[in-house]
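*Asks:* how would this look folded up:
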Amino acid sequence: MTISSMSYPEPVVEVAQKSRANGIGMEHAWRTPPDDAASSRPRGGILLSRWTCNDKSPVEVASVESATHHCIALSLKCTSLTFSHAGKTLVRGRVAAGAVQITAPDVRCSAVFESPADVLHLFVGQQVLSECFEDMFGRPHAGDIRIDDPKLVRDPALERLGQALAVSQSEDAAVGKVFTDSVSFAIVSRLVARHFTLADRQKREASALPAWRLNRAIEFIDAHLADSIGLADIAGSTGLTRMHFASQFRRATGMPPHEFLLRRRVEYAQRLLRESKQNMLDVALSCGFRSQAHFTTVFKRMVGDTPYCWKTKTNVAG
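*Replies:* Predicted structure coming up:
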């Protein structure tokens, strides 16, 4: 039996029942809600259930993929496992409490739990995803929403929301239902917002600095190592604003301009220490450091030795 073939009316969020009206049903099979919960689940809503494993020996599990629902898995405790998503190993090792993973419809997952585990599952339909998107962005989403990014998400807010669901108790079933509805929607809304804002950010992300601009920036830096130059000066040498230059420079070199400048200054200092007779203070000032102490701190962080020790070792080796 799959969990995707059922069609039932409101309420939108129906929490799987076991021992109390507002409880979270315990799964007998991984990512498969109890029959009594699944039978009352609406097509477009959210179903909550929980899977626990207390075995100390490895436990191998596999999911029955849904054609219509995303599965949000939130780890309630640390565990060790091997997790495969669509035939590819996604995790091999320890997973911290609070880690979240989303599986899109029609994607099969399997896992081998090597230590006790406690996982909260939210099965989310298109209606909820669409409502969350429209609520977050003020417009309807064109077509179905598919969050196909299986990487683990670490978000303290999601961890707190999941723990709140796991420990929630109320003698009033109506109050309990309102609480689980609210928290469940908060989890889904945060994940929808995260997915689409991240996608937009990646689309807007600057391309790498073209080679000719990069060469011009490096030439400017090398020509002004002894001067007090800033980001605006380096960006200006390439004809770009500070904001555009910094992001493109980072993508081209793997480091921010300030870090690159320090590294060029240290490399120049190494050359002076090898080839000149200047004392440490003169070397520091020649390379643009404001003091010998600052020079020593930066040099040791990047090289692993103080300038004096490095020079001594270099001379001995030479």
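*Asks:* Leu240: neighbour count?
*Replies:* Per other C-beta atoms under 10 Å, the neighbour tally for Leu240 reads 19. C-betas here are computed from N, CA, C, even on glycine.
*Asks:* surely it meets Arg213?
*Replies:* Yes - here Leu240 reaches Arg213: they are 7.1 Å apart, a contact under C-beta atoms under 8 Å.
*Asks:* and for the two, which residues touch both?
*Replies:* Gln248 (C-beta atoms under 8 Å, 6 or more residues apart in numbering).
*Asks:* part of a strand, is Pro150?
*Replies:* No - assigned with DSSP: H, G, I helix; E, B strand; the rest coil, Pro150 falls outside any strand and is coil.
*Asks:* tell me how many other residues surround the nearest residue to it once chain neighbours are set aside.
*Replies:* Leaving out its chain neighbours, the residue that sits closest to Pro150 by C-beta to C-beta, 6 or more residues apart in numbering is His85, at 4.3 Å. Neighbourhood size, His85 [other C-beta under 10 Å]: 20.
*Asks:* same question, Pro105
*Replies:* Count around Pro105 with other C-beta under 10 Å applied: 19.
*Asks:* backbone dihedrals for the spatially most distant residue from the centre of the chain, please?
*Replies:* Centroid-distance maximum for the chain: Lys277 at 49.9 Å, with C-alpha atoms, centre = their mean. Backbone torsions of Lys277, given as degrees, to the nearest 10, read phi -100, psi 10.
*Asks:* mind listing the strands for the stretch 51-200 of the chain?
*Replies:* 59-62, 70-75, 79-85, 88-95, 99-103, 109-113, 117-124, 153-154 (DSSP state E, counting those that start in this stretch).
*Asks:* so which of these is nearest Phe133?
*Replies:* strand 117-124 (12.0 Å; C-beta to C-beta).
*Asks:* give me the contacts around the closest one.
*Replies:* 3, 24, 27, 31, 33, 41, 45-53, 66, 69-77, 79, 81, 162, 165-166, 184, 187-188.
*Asks:* poorly predicted segments of the stretch 201-318 of the chain, please.
*Replies:* In the predicted model, the stretch 201-318 of the chain carries pLDDT under 70 at residues 201-206, 317-318.
*Asks:* please enumerate the strands of it.
*Replies:* So, for the stretch 201-318 of the chain - with DSSP E, counting those that start in this stretch - there are no strands.
*Asks:* thinking again about what came up before, the strands of the stretch 51-200 of the chain into CSV, with extra columns for mean pLDDT?
*Replies:* Output for the strands of the stretch 51-200 of the chain, formatted as CSV (pLDDT from 0 to 100):
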stretch, mean pLDDT
strand 59-62, 96
strand 70-75, 95
strand 79-85, 95
strand 88-95, 92
strand 99-103, 95
strand 109-113, 96
strand 117-124, 95
strand 153-154, 89
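*Asks:* burial measure for Thr197, as a count.
*Replies:* 12.
*Asks:* who are the contact partners of the residue nearest to Pro150?
*Replies:* 101, 103, 107, 109, 150.
*Asks:* look up how far Pro58 lies from the nearest residue to His258 once chain neighbours are set aside.
*Replies:* Excluding the flanking residues, the one nearest His258 by C-beta to C-beta, 6+ apart is Leu231, at 7.1 Å. Applying C-beta to C-beta, to the nearest Å, the value for Leu231 to Pro58 is 53 Å.
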